[in-house]
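Q: the following comprises the amino acid sequence and a computationally predicted model.
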Amino acid sequence: MPGGLRPGEKGKVPLEVGLLKRVCAVPAGPNIIQMSEYILGRRYMFIFMELLESYTSLEDVIYKKTGPLSEEKAKHAFRQIVQAVLHCHSRGVFHNDIKPNNIMYQTTTGQIKLIDFGYGDLLKEKYYPHAPGTPAYWPPEWYLFRKYKAEPVTVWTLGITLFELLCGNRPFKEKMEILECKISYTNEISGGMILLLEELRKSICSDVKKSITALKRDIADIAECTSYLETRMSDIVKVHNEIVTASNEVEETISKLSDLESPGPVSSYPIFANGVQTETSFLAPGQPWVNKQVPEEPMSIGLFETDMDCPDGVLSDTWEKALQLIKGLMTSLLDIIVYYNQKKNVKGVL
(Lines give C-alpha, C1' and ligand atoms only; values in the text may rest on other atoms or scores of the structure.)
Protein backbone atom coordinates (compact mmCIF):
# COMPACT_ATOMS: atom_id res chain seq x y z
CA MET A 1 0.00 0.00 0.00
CA PRO A 2 2.23 2.87 -1.19
CA GLY A 3 2.03 6.05 0.80
CA GLY A 4 -0.26 4.56 3.40
CA LEU A 5 -3.97 5.41 3.50
CA ARG A 6 -5.54 8.09 1.39
CA PRO A 7 -7.10 11.09 3.19
CA GLY A 8 -10.35 10.09 4.87
CA GLU A 9 -9.69 6.39 4.38
CA LYS A 10 -9.72 4.18 7.46
CA GLY A 11 -7.63 1.10 8.07
CA LYS A 12 -5.02 -0.53 10.30
CA VAL A 13 -1.29 0.19 10.15
CA PRO A 14 1.66 -1.30 12.07
CA LEU A 15 2.23 0.24 15.50
CA GLU A 16 5.54 1.87 14.55
CA VAL A 17 3.92 3.57 11.56
CA GLY A 18 1.02 4.76 13.70
CA LEU A 19 3.38 6.21 16.31
CA LEU A 20 5.42 8.03 13.64
CA LYS A 21 2.25 9.45 12.08
CA ARG A 22 1.38 10.90 15.50
CA VAL A 23 4.75 12.50 16.28
CA CYS A 24 5.27 13.73 12.71
CA ALA A 25 1.87 15.37 12.41
CA VAL A 26 1.85 19.16 12.00
CA PRO A 27 3.30 20.93 13.90
CA ALA A 28 6.20 18.47 13.82
CA GLY A 29 8.86 18.33 16.52
CA PRO A 30 12.23 19.72 15.33
CA ASN A 31 14.16 17.07 17.28
CA ILE A 32 12.35 14.03 15.91
CA ILE A 33 13.13 12.39 12.58
CA GLN A 34 10.31 12.78 10.06
CA MET A 35 8.59 9.98 8.16
CA SER A 36 8.21 10.72 4.44
CA GLU A 37 6.34 7.64 3.27
CA TYR A 38 5.71 3.99 4.05
CA ILE A 39 4.91 0.86 2.05
CA LEU A 40 3.12 -2.13 3.54
CA GLY A 41 3.25 -5.61 2.05
CA ARG A 42 1.96 -8.93 3.27
CA ARG A 43 5.34 -9.91 4.71
CA TYR A 44 7.32 -6.69 4.87
CA MET A 45 7.16 -2.98 5.63
CA PHE A 46 9.26 -0.11 4.26
CA ILE A 47 9.44 3.21 6.09
CA PHE A 48 11.10 6.13 4.27
CA MET A 49 12.58 8.73 6.62
CA GLU A 50 14.07 12.15 6.01
CA LEU A 51 17.74 12.19 4.98
CA LEU A 52 19.99 13.48 7.76
CA GLU A 53 23.17 14.94 6.29
CA SER A 54 26.34 14.99 8.41
CA TYR A 55 24.61 13.19 11.28
CA THR A 56 26.01 10.29 13.30
CA SER A 57 24.66 8.50 16.35
CA LEU A 58 25.69 9.79 19.75
CA GLU A 59 26.91 6.28 20.56
CA ASP A 60 29.48 6.47 17.73
CA VAL A 61 30.53 9.93 18.88
CA ILE A 62 31.05 8.81 22.47
CA TYR A 63 32.57 5.36 22.00
CA LYS A 64 34.31 5.55 18.60
CA LYS A 65 35.17 9.16 17.80
CA THR A 66 35.63 12.04 20.21
CA GLY A 67 34.70 10.43 23.53
CA PRO A 68 32.44 12.15 26.09
CA LEU A 69 31.07 15.57 25.24
CA SER A 70 32.05 18.73 27.01
CA GLU A 71 29.53 19.93 29.56
CA GLU A 72 28.34 22.75 27.29
CA LYS A 73 27.76 20.39 24.35
CA ALA A 74 26.17 17.79 26.64
CA LYS A 75 23.77 20.43 28.05
CA HIS A 76 22.78 21.54 24.55
CA ALA A 77 22.22 17.97 23.34
CA PHE A 78 20.40 16.83 26.48
CA ARG A 79 18.02 19.80 26.38
CA GLN A 80 16.99 18.79 22.85
CA ILE A 81 16.58 15.13 23.88
CA VAL A 82 14.21 16.13 26.70
CA GLN A 83 12.24 18.38 24.33
CA ALA A 84 11.90 15.48 21.88
CA VAL A 85 10.61 13.20 24.64
CA LEU A 86 8.11 15.82 25.81
CA HIS A 87 6.86 16.22 22.23
CA CYS A 88 6.33 12.45 22.00
CA HIS A 89 4.39 12.37 25.26
CA SER A 90 2.26 15.33 24.15
CA ARG A 91 1.21 13.21 21.16
CA GLY A 92 0.46 10.17 23.32
CA VAL A 93 3.59 8.30 22.21
CA PHE A 94 5.99 6.38 24.50
CA HIS A 95 9.38 5.91 22.78
CA ASN A 96 10.58 3.24 25.27
CA ASP A 97 14.16 3.01 23.97
CA ILE A 98 15.98 6.26 24.76
CA LYS A 99 19.75 5.70 24.37
CA PRO A 100 22.67 7.33 22.50
CA ASN A 101 22.39 4.86 19.61
CA ASN A 102 18.84 6.11 18.90
CA ILE A 103 19.88 9.78 18.93
CA MET A 104 21.41 11.22 15.78
CA TYR A 105 23.89 14.05 16.35
CA GLN A 106 25.13 16.66 13.91
CA THR A 107 28.68 17.43 15.00
CA THR A 108 28.84 20.83 13.30
CA THR A 109 25.68 22.33 14.83
CA GLY A 110 24.97 20.10 17.81
CA GLN A 111 21.47 19.41 16.44
CA ILE A 112 19.93 16.11 17.52
CA LYS A 113 17.17 13.90 16.08
CA LEU A 114 15.38 11.12 17.98
CA ILE A 115 14.94 8.00 15.82
CA ASP A 116 13.73 4.37 15.94
CA PHE A 117 10.24 3.91 17.40
CA GLY A 118 10.39 0.13 16.99
CA TYR A 119 10.01 -0.49 20.74
CA GLY A 120 7.50 2.32 21.12
CA ASP A 121 3.95 2.11 22.40
CA LEU A 122 0.98 4.32 23.11
CA LEU A 123 1.47 6.37 26.26
CA LYS A 124 -0.59 4.92 29.12
CA GLU A 125 -0.94 5.38 32.86
CA LYS A 126 -0.99 1.66 33.57
CA TYR A 127 1.94 -0.72 33.86
CA TYR A 128 3.57 -2.21 30.77
CA PRO A 129 4.07 -6.02 31.10
CA HIS A 130 6.49 -6.51 28.18
CA ALA A 131 10.25 -5.90 28.33
CA PRO A 132 11.42 -2.32 27.66
CA GLY A 133 13.86 -1.51 24.86
CA THR A 134 17.54 -2.38 25.33
CA PRO A 135 18.57 -4.65 28.27
CA ALA A 136 21.49 -2.39 29.25
CA TYR A 137 18.93 0.36 29.95
CA TRP A 138 16.33 -1.71 31.78
CA PRO A 139 15.09 -0.06 35.01
CA PRO A 140 15.23 -1.74 38.46
CA GLU A 141 11.45 -2.25 38.60
CA TRP A 142 11.59 -4.50 35.54
CA TYR A 143 14.10 -6.80 37.25
CA LEU A 144 12.07 -6.78 40.48
CA PHE A 145 8.46 -6.88 39.33
CA ARG A 146 8.54 -7.53 35.56
CA LYS A 147 6.50 -4.40 34.94
CA TYR A 148 7.09 -0.65 34.68
CA LYS A 149 5.43 2.67 33.88
CA ALA A 150 6.27 4.97 30.98
CA GLU A 151 7.41 8.15 32.73
CA PRO A 152 9.69 6.56 35.39
CA VAL A 153 11.45 4.36 32.83
CA THR A 154 11.89 7.40 30.57
CA VAL A 155 13.56 9.32 33.40
CA TRP A 156 15.78 6.30 34.07
CA THR A 157 16.97 6.03 30.45
CA LEU A 158 17.47 9.81 30.23
CA GLY A 159 19.71 9.65 33.30
CA ILE A 160 21.85 6.85 31.83
CA THR A 161 22.10 8.74 28.53
CA LEU A 162 23.25 11.94 30.26
CA PHE A 163 25.83 9.96 32.23
CA GLU A 164 27.19 8.52 28.98
CA LEU A 165 27.38 11.96 27.37
CA LEU A 166 29.48 13.26 30.26
CA CYS A 167 31.52 10.22 31.32
CA GLY A 168 31.88 8.20 28.14
CA ASN A 169 30.59 4.96 29.67
CA ARG A 170 27.44 3.51 31.22
CA PRO A 171 26.96 3.85 34.99
CA PHE A 172 25.86 0.22 35.43
CA LYS A 173 27.40 -2.96 34.07
CA GLU A 174 25.57 -5.68 35.98
CA LYS A 175 22.06 -6.37 37.26
CA MET A 176 23.01 -5.99 40.94
CA GLU A 177 24.54 -2.56 40.28
CA ILE A 178 21.23 -1.49 38.76
CA LEU A 179 19.26 -2.80 41.73
CA GLU A 180 21.59 -1.14 44.23
CA CYS A 181 21.63 2.13 42.20
CA LYS A 182 25.28 2.80 42.95
CA ILE A 183 27.11 5.18 40.59
CA SER A 184 30.86 5.78 40.28
CA TYR A 185 31.89 8.87 38.35
CA THR A 186 34.86 7.99 36.13
CA ASN A 187 35.25 11.43 34.54
CA GLU A 188 35.76 14.85 36.06
CA ILE A 189 32.48 16.72 35.85
CA SER A 190 31.16 19.76 37.67
CA GLY A 191 29.24 19.67 40.91
CA GLY A 192 26.13 20.93 39.13
CA MET A 193 26.13 18.01 36.72
CA ILE A 194 26.72 15.55 39.54
CA LEU A 195 23.80 17.12 41.40
CA LEU A 196 21.56 16.72 38.34
CA LEU A 197 22.58 13.07 37.88
CA GLU A 198 22.02 12.37 41.56
CA GLU A 199 18.54 13.90 41.39
CA LEU A 200 17.71 11.67 38.42
CA ARG A 201 19.07 8.66 40.29
CA LYS A 202 17.20 9.42 43.51
CA SER A 203 13.91 10.00 41.65
CA ILE A 204 13.93 6.32 40.71
CA CYS A 205 16.21 4.56 43.17
CA SER A 206 14.60 5.88 46.35
CA ASP A 207 11.23 4.41 45.37
CA VAL A 208 12.91 1.17 44.30
CA LYS A 209 14.73 0.83 47.62
CA LYS A 210 11.50 1.44 49.51
CA SER A 211 9.84 -1.23 47.40
CA ILE A 212 12.70 -3.67 48.06
CA THR A 213 12.50 -3.02 51.83
CA ALA A 214 8.74 -3.52 51.83
CA LEU A 215 9.13 -6.64 49.68
CA LYS A 216 11.68 -8.13 52.11
CA ARG A 217 9.34 -7.40 55.01
CA ASP A 218 6.45 -9.11 53.25
CA ILE A 219 8.65 -12.10 52.42
CA ALA A 220 9.57 -12.39 56.11
CA ASP A 221 5.87 -12.24 57.05
CA ILE A 222 5.06 -14.91 54.48
CA ALA A 223 7.85 -17.12 55.85
CA GLU A 224 6.54 -16.65 59.39
CA CYS A 225 3.00 -17.44 58.28
CA THR A 226 4.20 -20.50 56.38
CA SER A 227 6.11 -21.77 59.42
CA TYR A 228 3.05 -21.27 61.63
CA LEU A 229 0.81 -23.08 59.15
CA GLU A 230 3.26 -25.96 58.90
CA THR A 231 3.21 -26.30 62.70
CA ARG A 232 -0.58 -26.19 62.84
CA MET A 233 -0.87 -28.67 59.97
CA SER A 234 1.41 -31.02 61.87
CA ASP A 235 -0.97 -30.78 64.84
CA ILE A 236 -3.95 -31.36 62.56
CA VAL A 237 -2.36 -34.45 61.03
CA LYS A 238 -1.64 -35.79 64.52
CA VAL A 239 -5.22 -35.19 65.65
CA HIS A 240 -6.53 -36.72 62.42
CA ASN A 241 -4.50 -39.88 63.00
CA GLU A 242 -5.79 -40.11 66.57
CA ILE A 243 -9.37 -39.72 65.33
CA VAL A 244 -8.84 -42.49 62.80
CA THR A 245 -7.43 -44.74 65.53
CA ALA A 246 -10.35 -43.96 67.85
CA SER A 247 -12.83 -44.56 65.03
CA ASN A 248 -11.27 -47.93 64.30
CA GLU A 249 -11.54 -48.83 67.99
CA VAL A 250 -15.23 -47.85 67.98
CA GLU A 251 -15.93 -49.96 64.88
CA GLU A 252 -14.05 -52.91 66.35
CA THR A 253 -16.01 -52.66 69.62
CA ILE A 254 -19.34 -52.43 67.81
CA SER A 255 -18.41 -55.38 65.64
CA LYS A 256 -17.61 -57.49 68.70
CA LEU A 257 -20.83 -56.51 70.47
CA SER A 258 -22.88 -57.20 67.33
CA ASP A 259 -21.59 -60.76 67.23
CA LEU A 260 -22.21 -61.33 70.94
CA GLU A 261 -25.15 -63.71 71.77
CA SER A 262 -27.13 -64.24 74.98
CA PRO A 263 -25.71 -67.26 76.87
CA GLY A 264 -28.83 -68.53 78.62
CA PRO A 265 -32.38 -69.39 77.71
CA VAL A 266 -33.74 -66.17 79.14
CA SER A 267 -32.13 -62.80 79.89
CA SER A 268 -33.97 -59.62 80.71
CA TYR A 269 -33.39 -55.92 81.20
CA PRO A 270 -35.84 -53.15 82.16
CA ILE A 271 -37.00 -50.49 79.67
CA PHE A 272 -37.77 -46.99 80.94
CA ALA A 273 -39.88 -44.23 79.39
CA ASN A 274 -39.64 -40.81 81.04
CA GLY A 275 -38.05 -42.39 84.09
CA VAL A 276 -40.80 -45.00 84.61
CA GLN A 277 -40.31 -48.71 83.89
CA THR A 278 -42.80 -49.77 81.25
CA GLU A 279 -41.97 -53.37 80.50
CA THR A 280 -39.43 -56.11 80.81
CA SER A 281 -38.07 -57.48 77.55
CA PHE A 282 -36.61 -60.90 76.96
CA LEU A 283 -33.96 -62.24 74.59
CA ALA A 284 -34.32 -65.65 73.05
CA PRO A 285 -31.22 -67.91 73.05
CA GLY A 286 -28.74 -66.91 70.33
CA GLN A 287 -30.47 -63.60 69.58
CA PRO A 288 -27.96 -60.67 69.26
CA TRP A 289 -28.77 -58.18 71.98
CA VAL A 290 -27.98 -55.14 69.83
CA ASN A 291 -30.72 -56.10 67.38
CA LYS A 292 -33.41 -55.87 70.08
CA GLN A 293 -36.41 -53.95 68.71
CA VAL A 294 -37.09 -50.78 70.69
CA PRO A 295 -40.41 -48.84 70.73
CA GLU A 296 -40.42 -45.78 68.40
CA GLU A 297 -41.24 -43.34 71.24
CA PRO A 298 -38.22 -41.70 72.92
CA MET A 299 -37.04 -43.57 76.01
CA SER A 300 -33.95 -44.05 78.14
CA ILE A 301 -32.51 -47.50 78.71
CA GLY A 302 -31.39 -48.46 82.21
CA LEU A 303 -28.52 -50.68 83.26
CA PHE A 304 -28.25 -54.14 81.73
CA GLU A 305 -29.29 -57.00 83.92
CA THR A 306 -27.93 -59.92 81.99
CA ASP A 307 -25.44 -62.73 82.24
CA MET A 308 -23.44 -61.33 79.23
CA ASP A 309 -19.95 -59.98 79.92
CA CYS A 310 -20.09 -56.37 78.67
CA PRO A 311 -17.50 -53.92 80.16
CA ASP A 312 -19.06 -50.86 81.71
CA GLY A 313 -18.58 -47.64 79.68
CA VAL A 314 -16.71 -49.27 76.79
CA LEU A 315 -18.69 -47.30 74.22
CA SER A 316 -19.05 -44.03 76.13
CA ASP A 317 -15.31 -43.73 76.85
CA THR A 318 -14.33 -44.35 73.22
CA TRP A 319 -16.84 -41.88 71.82
CA GLU A 320 -15.84 -39.29 74.41
CA LYS A 321 -12.23 -39.61 73.28
CA ALA A 322 -13.24 -39.22 69.63
CA LEU A 323 -15.30 -36.13 70.41
CA GLN A 324 -12.42 -34.53 72.28
CA LEU A 325 -10.12 -35.15 69.33
CA ILE A 326 -12.65 -33.63 66.93
CA LYS A 327 -12.93 -30.54 69.15
CA GLY A 328 -9.14 -30.21 69.10
CA LEU A 329 -9.14 -30.40 65.32
CA MET A 330 -11.79 -27.70 64.99
CA THR A 331 -9.89 -25.45 67.42
CA SER A 332 -6.74 -25.80 65.31
CA LEU A 333 -8.65 -24.95 62.12
CA LEU A 334 -10.19 -21.86 63.74
CA ASP A 335 -6.75 -20.70 64.94
CA ILE A 336 -5.40 -20.97 61.37
CA ILE A 337 -8.35 -19.01 59.94
CA VAL A 338 -7.92 -16.19 62.50
CA TYR A 339 -4.15 -16.06 61.92
CA TYR A 340 -4.56 -15.99 58.11
CA ASN A 341 -7.12 -13.16 58.28
CA GLN A 342 -4.72 -11.11 60.41
CA LYS A 343 -1.80 -11.64 57.99
CA LYS A 344 -4.01 -10.91 54.98
CA ASN A 345 -4.30 -7.28 56.12
CA VAL A 346 -0.56 -6.69 55.60
CA LYS A 347 -0.23 -4.19 52.75
CA GLY A 348 1.73 -5.46 49.72
CA VAL A 349 4.00 -3.46 47.43
CA LEU A 350 3.00 -4.80 44.02
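A: Cool, the structure landed. Numbers count the residues shown, from 1 in each chain.
Q: for the rest of this, base every contact and every neighbour count on C-alpha atoms.
A: Fine.
Q: does Tyr38 count as helix, strand or coil?
A: Of the three states, Tyr38 takes strand under DSSP: H, G, I helix; E, B strand; the rest coil.
Q: separation between the nearest residue to it once chain neighbours are set aside and Leu123?
A: Closest residue to Tyr38 apart from its sequence neighbours, by CA to CA, 6 or more residues apart in numbering: Ile47 at 4.3 Å. The gap separating Ile47 from Leu123 is 22 Å, by CA to CA, to the nearest Å.
Q: more neighbours, these two?
A: Leu123 (19 against 14; other CA atoms under 10 Å).
Q: where exactly do the strands run in the stretch 101-250 of the chain?
A: 103-106, 112-114, 121-122 (DSSP state E, counting those that start in this stretch).
Q: any idea which of those strands gets closest to Lys147?
A: strand 121-122 (14.4 Å; CA to CA).
Q: pLDDT on that closest one, on average?
A: The pLDDT scores in strand 121-122 average 97.
Q: can you list contacts of it?
A: Identification of contacts with strand 121-122 by CA atoms under 8 Å, 6 or more residues apart in numbering yields Leu15, Leu19, Gly92, Val93, Phe94, His95, Asn96.
Q: just the residues you listed: which are in strands?
A: In strands, defined here by DSSP state E, the members of the contacts of strand 121-122 are Val93, Phe94.
Q: make TSV out of the contacts of strand 121-122 and add pLDDT.
A: Shown next, in TSV, are those (pLDDT from 0 to 100):
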residue	pLDDT
Leu15	95
Leu19	97
Gly92	97
Val93	98
Phe94	98
His95	97
Asn96	97
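Q: just the buried residues from the contacts of strand 121-122, in PyMOL please.
A: Buried subset of the contacts of strand 121-122, written as a PyMOL selection, criterion 16 or more other CA atoms under 10 Å:
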select buried, resi 19+92+93+94+95+96
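Q: between the contacts of strand 121-122, which is closest to Met104?
A: Among the contacts of strand 121-122, His95 lies closest to Met104 (CA to CA), at 14.9 Å.
Q: that closest one against His87, yeah?
A: No - at 10.6 Å, His95 does not count as touching His87 under the criterion of CA atoms under 8 Å.
Q: show the end-to-end separation of stretch 141-153, please.
A: Using CA to CA, one end of stretch 141-153 lies 9 Å from the other.
Q: for the stretch 101-250 of the chain, just list every one of the helices.
A: According to DSSP state H, counting those that start in this stretch, the stretch 101-250 of the chain carries its helices in the segments 140-145, 150-167, 175-180, 191-259.
Q: which non-adjacent residue is nearest Gly168?
A: In space, Gly168 comes closest to Pro68 once its chain neighbours are excluded; the distance is 4.5 Å by CA to CA, 6+ apart.
Q: burial count for that neighbour?
A: The burial count for Pro68: 21, using other CA under 10 Å.
Q: likewise Leu195?
A: Neighbours of Leu195 (other CA under 10 Å): 11.
Q: same deal with Met233?
A: Residues contacting Met233 under the criterion other CA under 10 Å number 16.
Q: cool, and Val26?
A: 8.
Q: what's it sitting at in phi/psi?
A: phi -70, psi 130 (degrees, to the nearest 10).
Q: if I look at it, how far off is Arg91?
A: Counting by CA to CA, the separation of Val26 from Arg91 is 11 Å.
Q: cool, and Lys21?
A: Applying CA to CA to Lys21 and Arg91 gives a distance of 10 Å.
Q: next one: Lys75
A: Noted for Lys75: a distance of 25 Å to Arg91, by CA to CA.
Q: where does pLDDT dip in the protein?
A: Residues of the chain meeting the criterion pLDDT under 70: 1-11, 186-187, 200-232, 251, 254-323, 327-329, 332-350.
Q: can I see the domain layout of it?
A: 54-189, 218-344 (automatic domain parsing).
Q: what about the longest one, how long is it end to end?
A: End-to-end distance of domain 54-189: 28 Å, with CA to CA as the criterion.
Q: pretty sure the residue nearest to Tyr38 sits in a strand.
A: Yes - counting by three-state DSSP, Ile47 is found in a strand.
Q: verify the stated contact: it with Ile39.
A: Yes - using CA under 8 Å, Ile47 is in contact with Ile39, at 6.5 Å.
Q: run through the residues that contact the residue nearest to Gln111 when sequence neighbours are not counted.
A: Leaving aside its chain neighbours, Gln111 sits nearest to Tyr105 (5.9 Å; criterion: CA to CA, 6+ apart). For Tyr105, the contacting residues are Tyr55, Thr56, Ser57, Leu58, Gln111, Ile112, Lys113, by CA under 8 Å, 6+ apart.
Q: the first one bridge partners, please.
A: Spelled out, it's Tyr55. Gln106 (DSSP bridges).
Q: these two touch, right, it and Gly110?
A: No - between Tyr55 and Gly110 there is no contact under CA under 8 Å: 9.5 Å.
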